Structures are given as C-alpha cells and as structure tokens.
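Undergrad: predicted coordinates and the sequence they were generated for:
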Amino acid sequence: MADYELTKQADRRLADIYRYSIQKFGLKTAGRYLTGMHQAFALLAENPLLGTGQELVNPGSRRLVYASHVIYYRPLEAGVLILEVLHEAQDPARDWAFYRH
C-alpha cells in the first residue's frame, strides 16, 4: 500500500488552511475540506503520476489541483511526499520555500 508524507511546511500550511476554513465556512465544512485534501493525498500516493510535472518550479515535483488549492508533491518509491499546498491564487515563486530560483 502506497502512503503519503507531508513536509513540515506542508503540514503547517494544511493547519493554516483548516483554521481559516473554520473561521470562514464553519467547522463542518472545514472538516470536509480537510478530509477531501487527505483523500487527494492518498489518491496521489496510489497514482503518483496523476498530477502535472513541475520541473520549472522544482525538479522532480508534480502538482495536482484540489478545489481551491494546488498540491505540490514528489513521487517516492512507496508513495508521495507532499511538498507544499498553496491556494490557487498564490504564486509559487513568492510563497513556496522549495521553489527553484
């Protein structure tokens, strides 16, 4: 069974998304969104080439859009590493520490 792992940055970002979603949309909706995000991570773990290659952003990374966010990840031998989760309006060059400069 393939698995997924989050970088510390991705884990912090997910916590921020959850807190914001609770404030803006309520606990129930925030919980559903977070559950859906983890389901997307699990889907990527099972299908690591599902997303689009992002070689210009970060060598070896890929991306997948989930609702209003973009999941940046790297395929591993037994799943994926979630590198970052950004809102679709965020600029990876400005908001992502792993962005290749």
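TA: Happy to help now that I have it.

Undergrad: flag every buried residue along the top helix by length along the chain.
TA: Longest helix in the chain by number of residues (criterion: DSSP state H): helix 27-46. Of all the residues in helix 27-46, those buried under the rule 16 or more other C-beta atoms under 10 Å are Ala30, Tyr33, Leu34, Met37, Ala40, Phe41, Ala42, Leu43, Leu44, Ala45. Quick note: C-beta positions are derived from backbone N, CA and C, even for glycine.

Undergrad: for the host helix or strand of Ile82, the distance to its chain's centre please.
TA: Element membership for Ile82 (DSSP states H and E) is strand 79-87. Offset of strand 79-87 from its chain centre (C-alpha atoms, centre = their mean, to the nearest Å): 3 Å.

Undergrad: for it, give me every contacting residue.
TA: Here strand 79-87 makes contact (C-beta atoms under 8 Å, 6 or more residues apart in numbering) with 2-7, 9-10, 13-14, 17, 37, 41, 44-45, 48, 58, 61, 68-74, 92, 95-98.

Undergrad: buried among those residues? Make that a ChimeraX selection.
TA: Buried residues among the contacts of strand 79-87 (16+ other C-beta under 10 Å), as a ChimeraX selection:
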select :2,4,5,6,7,10,13,14,17,37,41,44,45,48,58,61,69,70,71,72,73,74,92,96
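
Undergrad: in helices only, show me the contacts of strand 79-87.
TA: Gln9, Ala10, Arg13, Leu14, Ile17, Met37, Phe41, Leu44, Ala45, Pro92, Asp95.

Undergrad: near Lys8, how many other residues are there?
TA: 7 (other C-beta atoms under 10 Å).

Undergrad: Ser21 now?
TA: The number of residues near Ser21, taken as other C-beta under 10 Å, comes to 18.

Undergrad: what's the separation between it and Gly31?
TA: 9 Å (C-beta to C-beta, to the nearest Å).

Undergrad: over to Asp11?
TA: Applying C-beta to C-beta to Asp11 and Gly31 gives a distance of 17 Å.
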